[in-house]
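# got a structure for you, letters missing:
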Ligand SMILES: O=C(CO)[C@@H](O)[C@H](O)COP(=O)(O)O
């Protein structure tokens, strides 16, 4: 197992934010030290839950949120919504490869729209998709829960998969010089983030662990300390 050489990014998932005061809550979590905003888009079709669309992303930009917005599409089909999120101010747009017919084309379309692109892997989705499209991927997102809901427990099998993804990304970076982020999402807490970092993640989505904490800054600092000592 090897750690990533990229600086770690803490990405609070707004699924667990105070949705009645979203702009304010996102500003608070960024002021507390978060790096990027993780935006979980659910369509009640690809996953059995329904959240927010591009208008909310646009509203956060209008409210003054300047941090990168990392949109995780749990939707099927992918392409039309991906385009709308790029127009609405997203920086990263990631999607599940099995939710689109043409993975390569969907990745390219996101890049053409000016965003960074990425693929998301459910616990049982094979990483082999990456072997064919790594040149068009800026972010690999591994789900450590089955997607659809916040507050679930981290699946330990994700640690092995993280190490496998780390190996693929490191080999790719060594051959091309291009960096690809490795993000983990689901059940990430202060007490397991160290072993998650040691397995190779560099971008850490945390919803309930941050937004349900009384002190956002204390939780984010504790996460950074655990990552640093992993
Ligand atoms: O995408 C998802 C769930 O589908 C995640 O982003 C969760 O929202 C993370 O929440 P916690 O497990 O950290 O509470």
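Okay, I see it. Source: prediction; values computed, not measured. Numbering: from 1, shown residues only.

# can we go C-alpha only for contacts and neighbour counts from here?
Noted.

# quick check, the lengthiest helix in the chain touching the ligand?
If you go by DSSP state H, the chain has its longest helix at helix 157-176. No. Using C-alpha under 6 Å from any ligand atom, helix 157-176 stays clear of the ligand, coming no nearer than 13.2 Å.

# list of residues touching that helix?
1-2, 4, 123, 127, 134, 142-144, 178-180, 182, 196, 199-201 (C-alpha atoms under 8 Å, 6 or more residues apart in numbering).

# how about the contacts made by residue 38?
Taking C-alpha under 8 Å, 6+ apart, one finds 11, 12, 13, 14, 69, 70, 71, 72, 205 in contact with residue 38.

# so which strand or helix has residue 58?
Here residue 58 is covered by helix 54-63, with elements defined by DSSP states H and E.

# and the next element down the chain from that helix?
For helix 54-63, the succeeding helix or strand toward the C-terminus, using DSSP H and E, is strand 69-74.

# buried sites along that following strand?
By 16 or more other C-alpha atoms under 10 Å, the buried positions in strand 69-74 come out as 69, 70, 71, 72, 73, 74.

# from the chain's centroid, how far away is the longest helix of the chain?
Its chain's C-alpha centre and that of helix 157-176 lie 16 Å apart, by C-alpha atoms, centre = their mean, to the nearest Å.

# buried residues in it?
Of all the residues in helix 157-176, those buried under the rule 16+ other C-alpha under 10 Å are 158, 159, 161, 162, 163, 165, 166, 168, 169, 170, 172.

# wait, which of those is closest to the ligand?
The closest of the buried residues of helix 157-176 to the ligand turns out to be residue 158 (C-alpha to the nearest ligand atom; 13.2 Å).

# just for the protein, where's the confidence low?
Low-confidence segments of the chain (pLDDT under 70): none present.

# which non-adjacent residue is nearest residue 103?
residue 97 (5.8 Å; C-alpha to C-alpha, 6 or more residues apart in numbering).

# any idea how far the one you found lies from the ligand?
The gap separating residue 97 from the ligand is 15 Å, by C-alpha to the nearest ligand atom, to the nearest Å.

# got it, and residue 61?
Counting by C-alpha to the nearest ligand atom, the gap from residue 61 to the ligand is 20 Å.

# so where do the strands sit in this protein?
Per DSSP state E, the chain carries strands over the ranges 9-12, 37-42, 69-74, 92-95, 116-121, 139-143, 181-185, 203-206.
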